[in-house]
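# I would like to see how this sequence folds:
(chains A, B and C)
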Amino acid sequence: MPKKLITIYQTLKKAYGSQHWWPAESPFEVVVGAILTQNTSWTNVERVISRLKEKNLLSAKRMSKFPVKALARCLRPAGYFNVKTRRLKNFLIFLTEEYGGNLKHLFTEPLAVLRQKLLDVNGIGPETADSIILYAAGKPIFVVDGYTRRAFSKLGLLKASASYHETQSYFMNNLPLNVKLFNEFHALIVEHAKRFCKTRPICGPCPLRSGCVYGRMHHTRTGSS
DNA sequence: GGCCAGGACACCA
DNA sequence: TGGTGTCATGGC
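From the prediction side, this is the model:
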């Protein structure tokens, strides 16, 4: 079974090449992007990241001092802007109070401690926490998202009902504990999903031959208004 | 005009 | 423990 995962990884890597994730210039930018991209397309997140750069706000200390209302206006293009403003502020308050606003200090925590501390911040769930740990802190943890669960249950390697933790354990128990590998693998799964999602089904032959209809997220619903 | 996007949480039974 | 409503913009 371990060999199977490595084979899938190699297939995706050969098909799409290195993904060079996370697309950010600093660890703090990764944290911001991880929160902003919750249930949101990356192109919408990029608009906000650009705005924040223009305003020189991609620093924990400067963003902490920035007025909430003005920050919310900046976040508009990423959607759920009120929620995400609150979540960013929650993280900043946590970082300031416990680590003097210094990400490096936070990232010196052991992985398990770091993960629990992040999960204790309201608005940071498993995927966001793990993205921060892997892509900002550079520690080995496998990031699971909706694509991962759909793709690997479609391939028959996971139950459709597999939880976040079960999915993560499957990867981490069957792969070497390697930051670079985890980095690329998750990025490749996302890249694969972007090419073969329901709304954009045509992008050449599917390298995994999995049928490649990911379907929609089970919990995603558009407003009923 | 409807569907979807690199989730998380509150609330309910 | 598991299901459902809510949050919201922008591309296609």
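# Pick out the residue of chain A closest to DNA strand B.
residue A:125 (2.2 Å; C-beta to the nearest atom of the strand). Where you see a C-beta, it was placed from the backbone N, CA and C, and this is true even at glycine.
# Who are the contact partners of the nearest residue to that residue once chain neighbours are set aside?
In space, and not counting its chain neighbours, residue A:125 is closest to residue A:119: 7.3 Å by C-beta to C-beta, 6 or more residues apart in numbering. Residue A:119 is in contact with A:125-126, A:129, counting by C-beta atoms under 8 Å, 6 or more residues apart in numbering.
# Counting only helices, which of those residues make the cut?
Judged by DSSP state H, helices contain the following of those: A:126, A:129.
# Out of the contacts of residue A:119, which comes closest to DNA strand C?
Among the contacts of residue A:119, residue A:125 lies closest to DNA strand C (C-beta to the nearest atom of the strand), at 11.7 Å.
# tell me the phi and psi of residue A:98?
Residue A:98 has phi and psi values of phi -100, psi -20 when expressed as degrees, to the nearest 10.
# and it, how many neighbours does it have?
For residue A:98, the tally of surrounding residues (other C-beta atoms under 10 Å) stands at 13.
# DNA strand C versus that one, what's the distance?
According to C-beta to the nearest atom of the strand, to the nearest Å, residue A:98 and DNA strand C sit 26 Å apart.
# middle-most residue in chain A, spatially?
residue A:131 (4.5 Å; C-alpha atoms, centre = their mean).
# what about the nearest residue to that one once chain neighbours are set aside, which helix or strand?
Excluding its sequence neighbours, the residue lying closest to residue A:131 (C-beta to C-beta, 6+ apart) is residue A:34, at 4.3 Å. According to DSSP states H and E, residue A:34 maps onto helix A:27-36.
# May I have that helix as CSV, with CA atoms only?
What follows is helix A:27-36 as a C-alpha-only set of coordinates in CSV (Å, rounded to 0.1, in the frame of the first residue of the first chain):
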residue,chain,number,x,y,z
PRO,A,27,5.7,32.9,6.6
PHE,A,28,3.2,35.6,7.6
GLU,A,29,1.9,35.8,4.1
VAL,A,30,1.3,32.0,4.2
VAL,A,31,-0.8,32.4,7.4
VAL,A,32,-2.9,35.2,5.9
GLY,A,33,-3.4,33.2,2.7
ALA,A,34,-4.3,30.0,4.6
ILE,A,35,-7.1,31.8,6.4
LEU,A,36,-8.3,33.8,3.3
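# Report the distance from it to the chain centre.
With C-alpha atoms, centre = their mean, to the nearest Å as the basis, helix A:27-36 stands 9 Å off its chain's centre.
# what element comes up after that helix heading to the C-terminus?
helix A:42-54.
# Mind listing what's buried along that following helix?
A:45-46, A:48-49, A:51-52 (16 or more other C-beta atoms under 10 Å).
# Just put the residues you listed in a markdown table and tack on pLDDT and distance to residue A:174.
Shown next, in a markdown table, are those (pLDDT from 0 to 100; distance: C-beta to C-beta, whole Å):
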| residue | pLDDT | distance to residue A:174 |
| --- | --- | --- |
| A:45 | 98 | 31 |
| A:46 | 98 | 33 |
| A:48 | 98 | 36 |
| A:49 | 98 | 34 |
| A:51 | 98 | 41 |
| A:52 | 98 | 38 |
